[in-house]
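# quick one, structure for this:
(4 chains)
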Number of protein chains: 2
Amino acid sequence: MKPKSVKQPRDLGDLIRTLRHAKQLDQATAAGLAGVGTRFLGELENGKPTVQLGLVFQVLHRLGLEIWIAPRAWRPEDE
Amino acid sequence: MKPKSVKQPRDLGDLIRTLRHAKQLDQATAAGLAGVGTRFLGELENGKPTVQLGLVFQVLHRLGLEIWIAPRAWRPEDE
DNA sequence: CGCTATTCTTCCCGATCGGGAAGATTCAGG
DNA sequence: CCTGAATCTTCCCGATCGGGAAGAATAGCG
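Numbering: from 1, shown residues only, chains lettered A, B, ... in the order given. The predicted model follows:
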């Protein structure tokens, strides 16, 4: 998987769901692995904007993902 | 500014505060620009894990930053 | 078309968010 | 010391979060 820019909660949710499917996990299993409730994971995947930041970090981390912050114009090819 | 990996809310807060200082803005002004309350911005900068994701996206966007998600092993030089 | 797996919705409920404003605290100068 | 700027804390309070579980609604597949 290559780095992907996420501009809103919805983009992040799509990305997480896609990766979860790639790993062939259902929400209940993935939520268990990530240490969050199934309802939370579903809401996150659906782009709910009010989910808590800390839990989002937790989910991403356990899915093997990392967050990078870059100037808006930046692209992976730039460096 | 070069891309930076953030592994937890605290890292994100530090990054935002550093950038705000670089722009010579105080919290009240920056919060106004970002469209959030001053208390929220302070909490975000201090790494509060329960802040809402949507507001975080909003702040980053208005500060000219963008979020990228990448596999944990990935480095900017990789691509 | 029918069945099962997966996801979404709803409930209960304690706990907390976030805006806004005022008061407290910190810290660098003069 | 005293002052002023910047940040943090506290308060009020309506609104909502998130866990867990059960039932409803979909989706996918033969």
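
# all strands of chain A, in order?
For chain A, the strands defined by DSSP state E cover A:4-6, A:65-71.

# could you export these as a markdown table, including distance to B:Gln58, mean pLDDT and mean neighbour count?
The way it works is simple: take the backbone N, C-alpha and C, and place the C-beta from them, glycine included. As requested, the strands of chain A are exported to a markdown table (distance: least, CB to CB, whole Å; pLDDT from 0 to 100; neighbours: other CB atoms under 10 Å in any protein chain shown):
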| stretch | distance to B:Gln58 | mean pLDDT | mean neighbour count |
| --- | --- | --- | --- |
| strand A:4-6 | 13 | 96 | 17 |
| strand A:65-71 | 14 | 96 | 20 |
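
# separation between the residue nearest the centre of chain A and A:Gln8?
Residue closest to the mean C-alpha point of chain A, counted by CA atoms, centre = their mean, is A:Ile16 at 4.0 Å. Here the criterion is CB to CB, to the nearest Å. By it, A:Ile16 lies 13 Å from A:Gln8.

# could you do A:Leu44 as well?
13 Å.

# more crowded one of the two?
A:Leu44 (25 against 15; other CB atoms under 10 Å in any protein chain shown).

# residue contacts, the closest residue to the more buried one other than its chain neighbours?
Nearest residue to A:Leu44, sequence neighbours excluded (CB to CB, 6 or more residues apart in numbering or on different chains): A:Val51, at 5.3 Å. Counting by CB atoms under 8 Å, 6 or more residues apart in numbering or on different chains, A:Val51 makes contact with A:9, A:40, A:43-44, B:52-53.
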